[in-house]
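Peer 1: Kindly generate the corresponding structure for this input.
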Amino acid sequence: MFAIIGIFVVFGAVLSGFLIERGHFIVLIQPAELLIIAGAATGSLLAANPAYILKQILAALQGVIKGSSFGTDRYLNTLKMMFQFLNKVRKEGLLSVEMDVEKPEESAIFKNFPDFLKDHHARDFVCDTLRMAITGGVEPFDMDQMMELDMEVHHHAAMQPVNALSTVADSLPGFGIVAAVLGVVITMGALGGPPGQIGEKVAAALVGTFLGILLCYGVAGPLSSNMSKAADEHNEYLHVLRVLLLSFLKGAAPMIAVEMGRRAIPAHVRPSFDEMEKSCKNRTEPAEAAAA
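Peer 2: Numbers count the residues shown, from 1 in each chain. The predicted model follows:
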């Protein structure tokens with residue numbers, strides 16, 4: 001949401017300054033210039049990227065509009081979920097969670113955390129790691145290597161739409177110059193006509209350069225930067241899961257493993273230890289009381 005607000009602020013500030021200087025807004029409305037720039041940028045995007053990256057760009061832009069989902073509540077819910085899961089493993093053994101790992105959508109634990117289930121990358125990251133732990137014969141060091149490799153592959157894939165949009169953003173000023181040059185060509189063909197008509201054509205040509213630069217630094221560039229930060233946020237989330245799982249695989253108690261994961265959470269969204277402990281106990285006490 002803030003990304004959309006930011007874009008409106010950019011356009012509002014630019015247009016307001018133009019109007020304050022007694023500019024005529026109608027001069028900036030040049031559909032032909034916009035068609036040249038937007039059409040060329042779209043064509044270059046289609047020419048440079050396969051279909052799956054184009055779909056990822058659309059999905060990433062939807063994520064930008066919705067805003068970040070990795071706040072303190074999301075991390076608290078994840079820590080609660082993993083605490084419950086690891087507690088079950090400690091009490092009943094790894095084999096007791098085999099069905100939870102194989103069919104997470106049907107798991108009595110995971111189904112209480114829909115945000116985790118919707119995030120198929122994080123869900124598969126956790127389940128695939130636990131599946132290897134259940135299989136046995138894999139040292140914690142090797143598990144850590146597998147998780148690190150998984151994170152690298154996912155982050156590389158998440159950055160592909162970012163790089164694609166960033167390339168388009170860099171090309172927009174160039175397409176603006178193309179539109180301006182075409183406008184100059186049209187202007188040169190009108191030499192000898194009324195001065196007012198020539199002035200309008202020169203203004204239209206300059207609007208092409210203006211639009212190319214504005215769309216680059218005011219729209220496409222900030223959106224690609226926002227998408228990059230979203231990819232980094234998801235990578236940080238996977239890193240928290242990696243630290244937590246590795247700690248448990250090395251023999252740490254569930255609460256210690258969860259605390260290790262909490263320490264890996266970025267500072268601006270990290271819950272306090274008291275918040276984490278209270279949250280975990282509140283979710284487990286009723287279950288224990290019912291069992292008793």
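
Peer 1: Isn't residue 150 up against residue 128?
Peer 2: Yes: assessed by C-beta atoms under 8 Å, residue 150 is found in contact with residue 128 at 7.4 Å. All C-beta atoms are positioned from the backbone trio N, CA, C, and that covers glycine.

Peer 1: Looking at those two now, which is surrounded by more residues?
Peer 2: residue 150 (17 against 14; other C-beta atoms under 10 Å).

Peer 1: Name the nearest residue to the more buried one, sequence neighbours excluded.
Peer 2: residue 125 (6.0 Å; C-beta to C-beta, 6 or more residues apart in numbering).

Peer 1: May I ask which helix or strand encompasses the one you found?
Peer 2: Element membership of residue 125, judged by DSSP states H and E, is helix 120-135.

Peer 1: Likewise for residue 168?
Peer 2: Taking DSSP H and E as the definition, residue 168 sits inside helix 140-189.

Peer 1: what packs against that helix?
Peer 2: helix 31-48, helix 51-66, helix 120-135, helix 195-215, helix 221-249 (3 or more C-beta pairs under 8 Å, 6 or more residues apart in numbering; DSSP states H and E).

Peer 1: Now do the third one, average pLDDT.
Peer 2: This means helix 120-135. Throughout helix 120-135, pLDDT has a mean value of 92.

Peer 1: residues contacting residue 35?
Peer 2: Counting by C-beta atoms under 8 Å, 6 or more residues apart in numbering, residue 35 touches no other residue.

Peer 1: What is the neighbour count of residue 192?
Peer 2: 6.

Peer 1: Distance of it relative to residue 131?
Peer 2: 78 Å (C-beta to C-beta, to the nearest Å).

Peer 1: ok, now which ones touch the nearest residue to residue 158 once chain neighbours are set aside?
Peer 2: Leaving out its chain neighbours, the residue that sits closest to residue 158 by C-beta to C-beta, 6+ apart is residue 231, at 3.9 Å. Residue 231 makes contact with 60, 155, 158, 159, 162 under the criterion C-beta under 8 Å, 6+ apart.

Peer 1: where does residue 290 land on pLDDT?
Peer 2: At residue 290, pLDDT is 37.

Peer 1: And residue 3, by the same measure?
Peer 2: Note for residue 3: predicted pLDDT of 85.

Peer 1: can you list the residues that contact the strand or helix carrying it?
Peer 2: Here residue 3 sits within helix 2-20, counting by DSSP H and E. With C-beta under 8 Å, 6+ apart as the test, helix 2-20 has contacts from 25, 28, 64, 65, 67, 214, 218, 219, 222, 223, 226.

Peer 1: got the contact list for the last one?
Peer 2: Looking back up the chat, that one is residue 226. Here residue 226 is in contact with 3, 64 (C-beta under 8 Å, 6+ apart).

Peer 1: related to what we said a few turns ago, out of the contacts of helix 2-20, which are buried?
Peer 2: Listed as buried from the contacts of helix 2-20 are 28, 64, 214, 218, 219, 222, 223, 226; burial here means 16 or more other C-beta atoms under 10 Å.

Peer 1: Let me know the outermost residue of the chain.
Peer 2: Within the chain, residue 192 marks the point farthest from the mean C-alpha position, 54.0 Å out by C-alpha atoms, centre = their mean.

Peer 1: ok, so what distance separates that residue from residue 186?
Peer 2: Taken as C-beta to C-beta, the span from residue 192 to residue 186 is 14 Å.

Peer 1: Can you give me every residue that contacts residue 65?
Peer 2: 1, 3, 4.

Peer 1: burial measure for the last one, as a count.
Peer 2: Yep, that's residue 4 we're talking about. Using other C-beta under 10 Å: residue 4 sits among 12 other residues.

Peer 1: quick revisit: deepest of the helices and strands packed on helix 140-189, which one?
Peer 2: helix 221-249 (a mean of 20; mean count of other C-beta atoms under 10 Å).
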